[in-house]
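Asks: How does the following fold in three dimensions:
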Amino acid sequence: MEQQIRFCTTSDGVRIAYATVGQGPPLVRALGWCTHLEFERTLPDWDGSLWGALARNHLFVRYDGRGMGLSDRDISHFSLEAKVADLEAVVDALELERFALLGTSEGGPTAIAYAARHPERITRLILYGSFGWSPPPETEEEKQLLTAMMMTVIPGWGRDTPEFRQLWTFRFLPDADREQIRWFNELQRVSAKPETVAALIGSVGRVDVRELLPKVQAPTLVIHRRGDIVCPFDRGRELAALIPGARLVLLEGNNHLPLAGEPEVEQMARAIQEFVAEGQTAPEPPAAAPSGLVTILFTDMEGSTSLTQRLGDAAAQELLRTHNAIIREALKAHGGSEIKHTGDGVMASFSTASKALECACAIQQAFAERNASLPARPEALEGRAEDVAAHPSTSAGRASEEPIRVRIGLNAGEPVAEDEDLFGAAVQLAARVCARAEPGQILAANVVRELAMGKGFLFSDQGDVVLRGFEDPVRLYEVRGG
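Replies: Model prediction:
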């Protein structure tokens, strides 16, 4: 299975790399320590690993947290809030409304915090080899060991030879074979800069999500290995004891990272898949694409590309989510079927012309009311990339104050329905009509006017217009509600 790697931007302006592989219900992995989406796929026997097993039955989502792998690497702040922002950016970019969340190792507290704050989005929470807090060393021997290990990071993490990193490898994978040890040594090297690793390790001691554990509402499965020395068993037992209704699954073995070939990996994969499946209802069959005479509506958001340049990716995406919510609410209220999202607009179909026109008028009215309610525009940042990067929170905050204006075009006909999509001249003409409209305007082809005759709509004749790709001119009308 080939993975697809994409990028998104957090609310504080950090670019995060994420990868999807497989098909099925979404399962998102949060893992903060030593990740590199591309190199990780070179894991010996990926298909036989836990990650390969989970990808066989799910849309498996992984991401490199800030400072790691393919994500922005010049990062020094690793607060819990920052790590939650990484996760939020990924699931929002994928438009996942509900999903199962797997928090592994140091990614567990991130998953716990997100699940406690967004119970409506988490179907199942799985925690493997993780913790609610990491107490400081208690004995003098433990303190000396931690000091010695930290002393190896800055001088040795980025070296071509692995002698410094191997100390960490043997703690994470005490039972690994030679090939797996070589792989993990190299994963550590390519995952992050030495300074980043030191800052990330230092941040772990400041994490404490124990007060959030009783607030987790999602059904939770806690998996822990008895011999894990990186994250001792008591940490997992505490999670299961404090999260309401959580189940605890104990597995044998000493490796912190589950490796292909271990019998516990199969047990772990089966436990996760069965647990996630419990929360799934039988899916409804997909709605058939409409056939026969339908009215097709296209919307197009004004200046989406320039907005992205001016506001930055994160703020522009926030604005697009507002745009999507308004349009989808209108479609739901007027019986429209969303056929597809075009990136900065929507294509929808209706069984009657009057429903399509009512929806178009409702969309424009909703955007007009939203825009009228906006405060007076504050002094804007210049739309340069360096300004957006320097003021990510300001740019993101301005998204809620940006007006949204859309074009809407309508046509009616008998398109070809295939694979839950619509094709043909009727669809192409509707798209051309939309492109002809001005922001805030509704344009309809003459056939739509004729179908809605006597329904109380006001049509203003715009004359015959030659549209790109069509030889014959088309009579267009501007539409207003009656």
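Asks: Which residue comes closest to the most centrally placed residue in the chain once chain neighbours are left out?
Replies: By Cα atoms, centre = their mean, the mean C-alpha position of the chain lies nearest to Val91, the distance being 2.0 Å. Of all residues not flanking Val91 in the chain, Val28 sits nearest, at 6.2 Å (Cβ to Cβ, 6 or more residues apart in numbering). Bear in mind the C-beta positions are built from the backbone N, C-alpha and C, glycine included.
Asks: On the three-state scheme, the one you found is what?
Replies: At Val28 the chain is in strand, as set by DSSP: H, G, I helix; E, B strand; the rest coil.
Asks: tell me the pLDDT at it?
Replies: Turning to Val28, the model gives it a pLDDT of 97.
Asks: Just give me the neighbour total for it.
Replies: 25 (other Cβ atoms under 10 Å).
Asks: who's in contact with it?
Replies: By Cβ atoms under 8 Å, 6 or more residues apart in numbering, the contact set of Val28 is 61, 87, 90-91, 96, 99-102.
Asks: Sitting in strands, which of those residues do you find?
Replies: 61, 99-102 (DSSP state E).
Asks: Stretch 117-130: how far from the chain's middle?
Replies: 15 Å (Cα atoms, centre = their mean, to the nearest Å).
Asks: Of all the residues in that stretch, which ones are buried?
Replies: By neighbour count on 16 or more other Cβ atoms under 10 Å, the buried set for stretch 117-130 is 118, 121-130.
Asks: just these now: which is nearest Asp45?
Replies: For these, the residue nearest Asp45 by Cβ to Cβ is Tyr128; the value is 19.1 Å.
Asks: List the beta-bridge partners for that closest one.
Replies: Thr104, Ile223 (DSSP bridges).
Asks: So the residue sitting furthest away from the middle of the chain: helix, strand or coil?
Replies: Distance from the C-alpha centroid of the chain peaks at Gly454, with 45.5 Å (Cα atoms, centre = their mean). Three-state call for Gly454 (three-state DSSP): coil.
Asks: Distance check, it against Ala353.
Replies: Per Cβ to Cβ, to the nearest Å, Gly454 is found 11 Å from Ala353.
Asks: Please convert the contacts of Val28 to TSV, extending it with distance to Asp45.
Replies: Shown next, in TSV, are those (distance: Cβ to Cβ, whole Å):
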residue	distance to Asp45
Val61	21
Leu87	28
Val90	26
Val91	29
Leu96	29
Phe99	27
Ala100	24
Leu101	26
Leu102	20
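Asks: Just the closest of those to Ile229, please.
Replies: Leu102 (21.8 Å).
Asks: Ranking helices and strands of this structure by mean pLDDT, which lands last?
Replies: helix 385-390 (a mean of 43; mean pLDDT, DSSP states H and E).
Asks: Test my guess that Met149 contacts Phe170.
Replies: No: because the distance of 10.8 Å does not satisfy Cβ atoms under 8 Å, Met149 is recorded as not touching Phe170.
Asks: quick check, nearest of the contacts of Val28 to Glu318?
Replies: Taking those together and measuring to Glu318 by Cβ to Cβ, the closest member is Val91, at 13.8 Å.
Asks: Contact partners for Val427?
Replies: Counted by Cβ under 8 Å, 6+ apart, Val427 has contacts 296, 347, 411, 415.
Asks: Tell me the one of those residues nearest Ala246?
Replies: Out of the contacts of Val427, the member with the shortest distance to Ala246 (by Cβ to Cβ) is Met347, at 43.5 Å.
Asks: what are the pairing partners of the helix or strand harbouring the closest one, and which direction each?
Replies: Per DSSP states H and E: Met347 is located in strand 346-350. Counting by DSSP bridges, the strands paired with strand 346-350 are strand 294-301 (antiparallel), strand 337-341 (antiparallel).
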